[in-house]
Structures are given as C-alpha cells and as structure tokens.
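build me a model from this:
(chains A and B)
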Amino acid sequence: MDWLLPPGMQMGLPGATTIGFFALKLLYLIAFLLYVIFAFVVVRQIRLMKEGYQSPLDPLLVIISWAHFLVAVGVLVLAFLFL
Amino acid sequence: MSPTIFNGTAEEEHQKLERLEQEIEELKRQTHSAPTLPERESQPPQQQPTSPPQEQSEAIADQPDESLTEAVDTNAEETDDGFGEMGLKRDPSDYSEVIRDRGASHNPFTSIGILPKNVSFADQRAQERILMVLRQDAIINVPWITIAIILFIIPFTVLRFFPLLDLMPGRFQFFTMIGWYLFTLSYVIQNFLSWYFNVYIITDERIVDMDFYSLIYRNISSTQIGRIEDMTATTKGVFGAIFDFGDVQIQTAAEEEQFEFENVSQPVTVTKFINELLVENQRERREREQRHV
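Numbering: from 1, shown residues only, chains lettered A, B, ... in the order given. I've put the predicted structure just below:
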C-alpha cells in the first residue's frame, strides 16, 4: 500500500497481499490446529472403545491412531514454518 | 422327559462316562471357588482306572448328581439369571446347529464372528463365553467408501479442469492438498471406527448391544438370555434381499425394552441361533430344578 503514500512517507509497510496471505496462513493454522485436536480425540476414543470391546486389532488401531496424531502435529508445525 | 444317561452298549456307556468326566474337569477349571468333589477325590486312585466300565458307570452314576448340585447351589445365591452359571453348561457345538455348520471365525472384520478368539468386553464374567459377535453387514460401508474414493480422486480430476488453486502461491497449494487429504482421512477414520466398534455380542448368558453413536457418545445395554420373549428378523429392500442382511428385533421381559440389531448379516441365522440358546437355557433350568428336587 506504499504507492498510496507520498514517496517521503513510504516506510515499507506491509502490502495488502502480504496481509492477505498472513490472514490466510492464520486460517490454515487454525484449521490444522483443529485437526490436531480431532486426531487427539480419535486417540482417546479408540482407548475408550478398546475398554468396552477388546479385539485382536486393538494394538494396530492404537498404533494407527498415534501415527495419525503425530502426522497431524507434523503438518501443523510445517504449516507454521513454511506458510 | 429327562434324558436317560446310561442306556446302551458298554462301549457307548464308556464313551458317555468319558464325556462326563471331561465336562467335570472343565467345570473345575472354570470356577476356582467351586467346591471340590470329595467323594471322587477320596476314592483311592487305583480304583478308578482299573475297574471295568460297568462298575465305573455304577460308581460314577451316583456322584455327578451330588457334585453338580453342590456346584449349582454354591452359585445360586450369587446370580439368579436366566442361565445356569456352572455345572450345566454344554459346549455350544453340542446344542447349536449354527455353530456346528459354520465353525469358529478367524477374520476380525467379519460381520458374523462365531466363537471369536482374543475377544472380550467390559463387564464380561469369568465363566461367560462369547459365542457370536455381530456387526452391520459389510455392504453398509459401500456408500462411505465410495464417497472417500471420490474425495481422494477429486484433486486429480476436478482441479485439472478447474485450476482453482493456481490463484495461490505454491506453498499454499501444497498445504491445501494436505488439508484436503487429512479431511478425507478423518472421514474414513470416523466411519470405520463407527462400523468396527458398533457390535452386538451374544454370549452363553446374555446379549450385549454396544453403540458408539459418534466419537464421544457411547451406549451399552445388555439383557439375559432367559428374559428374551420375542424375536423378529426383517430383511429390508432389494439390497437386503440380494445381500441377505436386515434387522433383528428382540423383545425382552422388561417394560419397553427392546434390542435391535440393525443391518446384520443373515438375520434368520441369528434368530435361529438365539432360539437355540433359549432352548438350551430352558434345558438347563429344567435340569437345575430336577437336581434341586
């Protein structure tokens, strides 16, 4: 938005596109954070379901749930670093 | 009419005696608190294996009645359910044609699991045995699997003709794709867990209905086998007729209590099996009453 200001007053303020991408990044981070919360709920819920009904697949489901949670956390961290 | 136990040739009697002994040994293993069989244990060991079959049959014929009566009395105060807890239980394959025909299941994803291994549930008693685990028929999963496949291939098809993401920088496009597939994965996970953990368990004592309506809401209900009064098997629609799945409604003696197994495979087979359990329950009740008399 510097072009709106006189040359002497142009101080390197962030442009509209920069603010827009920052807002977009914030939305992405919020979305990925919600997904991390969902992944954690899945981990907890599999544990509760396992307490109610035990089956031979329980160890595999626990591993998959934790791997899913770690992937969600990893995506959040990468989005924070690279967006 | 009470069954006559000792009737037939000596060889048949000997086989029946061996079967009775095996049942008694199994009962001993099942209940640690069961009273010992003092009469049998007090007998000197050399008498049991060396006596001829007829004498064994005469010696043992008088004993099981008292020992089983003792065992039943011990547990009668503990529970008053509609199914004998010990002393009268037979192997399910002895009274269930369904189990004899189908045999034990080994597939953890099956919609009808018979005598499943390494399966248990909360509140299961030590002597309680799971005979059947039911889930909704696998065909019920086709709609959400189809949707998941469509969600998976949309980025490769729709975006090729409508490049909506080209308006954003490359790194935003990448994370948008990541977010899309995470959303698809969450959809698959939720549907799979809902199908896998919504089970109907039939044990030799009761029926348990486990419902997980969402990831955070769970409902578990159960009823004794002896309290079942009425059952209805319903096959719905064209797909139900083709793939043989439907509902089984179970009416119990309690007021307004009804169990419904929704979209289970082979509902007629399920009702047949529960009928077999009811007959076996009634047989055990009669035997217990006779021994108490």
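
rest of the way, CA atoms for contacts and neighbours
OK.

relative to chain A, how far out is B:Pro143?
22 Å (C-alpha to the nearest C-alpha, to the nearest Å).

cool, and B:Leu151?
For B:Leu151 relative to chain A (C-alpha to the nearest C-alpha), the value is 17 Å.

quick one: contacts for the residue minimising distance to the centre of chain B?
The residue lying closest to the centre of chain B (C-alpha atoms, centre = their mean) is B:Met132, at 2.7 Å. Going by C-alpha atoms under 8 Å, 6 or more residues apart in numbering or on different chains, B:Met132 touches B:Ile112, B:Gly113, B:Ile114, B:Leu115, B:Pro116, B:Ile201, B:Ile202, B:Thr203.

what residues are up against the second one?
Just to be clear, that refers to B:Gly113. Taking C-alpha under 8 Å, 6+ apart, one finds B:Ala104, B:Ser105, B:His106, B:Asn107, B:Met132, B:Val133, B:Leu134 in contact with B:Gly113.

Provide the secondary structure category for it.
Assigned by DSSP: H, G, I helix; E, B strand; the rest coil, the conformation of B:Gly113 is strand.

rewinding a little: ok, the closest residue to the residue nearest to the centre of chain B other than its chain neighbours to B:Ile24 distance?
Using C-alpha to C-alpha, 6 or more residues apart in numbering or on different chains and skipping the chain neighbours, the partner closest in space to B:Met132 is B:Ile114 (4.5 Å). Per C-alpha to C-alpha, to the nearest Å, B:Ile114 is found 25 Å from B:Ile24.

these two: which has the busier surroundings?
B:Ile114 (21 against 18; other C-alpha atoms under 10 Å in any protein chain shown).

that one and B:Arg129 touch, don't they?
No. Taking contacts as C-alpha atoms under 8 Å, B:Ile114 lies outside contact range of B:Arg129: 11.3 Å.

and the helices in chain A?
Using DSSP state H, the helices found in chain A span residues A:16-52, A:58-82.

ok, the stretch 101-250 of chain B next?
B:142-161, B:170-197, B:237-243 (DSSP state H, counting those that start in this stretch).

most tightly surrounded among those helices?
helix B:170-197 (a mean of 16; mean count of other C-alpha atoms under 10 Å in any protein chain shown).

what's the offset of it from the middle of its chain?
The chain centroid and the centroid of helix B:170-197 are separated by 34 Å, computed with C-alpha atoms, centre = their mean, to the nearest Å.

next: stretch B:17-29.
Distance, stretch centre to chain centre, for stretch B:17-29: 23 Å (C-alpha atoms, centre = their mean).

equivalent analysis for stretch B:150-167, please.
With C-alpha atoms, centre = their mean, you get 47 Å for stretch B:150-167.

any idea how far B:Cys260 is from chain A?
Actually, residue B:260 is Glu. It isn't Cys. 19 Å.

and that residue, how many neighbours?
B:Glu260 has 17 nearby residues by other C-alpha under 10 Å.

need phi/psi at it.
Backbone torsions for B:Glu260, taken as degrees, to the nearest 10, come to phi -130, psi 120.

and for the one 5 residues further on?
The phi and psi torsions at B:Ser265 (degrees, to the nearest 10) take the values phi -70, psi 140.

of the contacts of B:Gly113, select the buried ones using a PyMOL command.
Buried subset of the contacts of B:Gly113, written as a PyMOL selection, criterion 16 or more other C-alpha atoms under 10 Å in any protein chain shown:
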select buried, chain B and resi 105+132+133+134
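
would you mind naming what in the stretch 1-150 of chain B lies close to chain A?
B:Pro108, B:Lys117, B:Asn118, B:Val119, B:Ser120, B:Phe121, B:Ala122 (C-alpha under 8 Å from any C-alpha of the partner chain).

tell me the bridge partners for the residue nearest to the centre of chain B.
Beta-bridge partners recorded for B:Met132 (DSSP bridges): B:Ile114, B:Ile202.

residue contacts, the residue nearest the centre of chain A?
In chain A, the centroid-proximal residue (C-alpha atoms, centre = their mean) is A:Phe32; its distance is 2.1 Å. Contacts for A:Phe32 (C-alpha under 8 Å, 6+ apart) come out as A:Ala72, A:Val75, A:Leu76, B:Gly179.

with adjacent residues omitted, what lies nearest to the third one?
This means A:Leu76. Going by C-alpha to C-alpha, 6+ apart, A:Leu76 has A:Phe32 as its nearest residue, at 5.5 Å.

B:Thr269 versus the one you found, what's the distance?
In terms of C-alpha to C-alpha, A:Phe32 sits 47 Å off from B:Thr269.

kindly report the same for B:Asn281.
Where B:Thr269 is concerned, B:Asn281 sits at a distance of 18 Å (C-alpha to C-alpha).

more neighbours, the two?
B:Asn281 (21 against 12).

residues of the helix or strand hosting the more buried one that come out buried?
Under the criterion of DSSP states H and E, B:Asn281 resides in helix B:267-292. Across helix B:267-292, burial judged by 16+ other C-alpha under 10 Å covers B:267-268, B:270-278, B:280-285, B:287-288.

before we move on, what about stretch B:246-264?
Buried residues in stretch B:246-264 (16+ other C-alpha under 10 Å): B:246-252, B:258-264.

can I get stretch B:221-239 in CSV? Just the C-alpha atoms.
Output of stretch B:221-239 as CSV, limited to C-alpha atoms (Å, rounded to 0.1, in the frame of the first residue of the first chain):
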residue,chain,number,x,y,z
SER,B,221,-27.0,-52.3,27.1
SER,B,222,-27.5,-55.9,27.8
THR,B,223,-30.1,-58.5,28.7
GLN,B,224,-30.1,-62.0,30.0
ILE,B,225,-30.9,-64.8,27.5
GLY,B,226,-33.7,-66.1,29.7
ARG,B,227,-35.5,-62.8,29.6
ILE,B,228,-36.0,-62.8,25.8
GLU,B,229,-39.6,-63.2,24.9
ASP,B,230,-39.9,-62.5,21.3
MET,B,231,-37.7,-62.1,18.2
THR,B,232,-38.3,-60.8,14.7
ALA,B,233,-36.0,-61.0,11.7
THR,B,234,-36.6,-58.4,9.0
THR,B,235,-35.0,-58.3,5.6
LYS,B,236,-35.4,-54.9,4.0
GLY,B,237,-35.4,-53.8,0.4
VAL,B,238,-33.7,-55.0,-2.7
PHE,B,239,-30.2,-54.9,-1.4
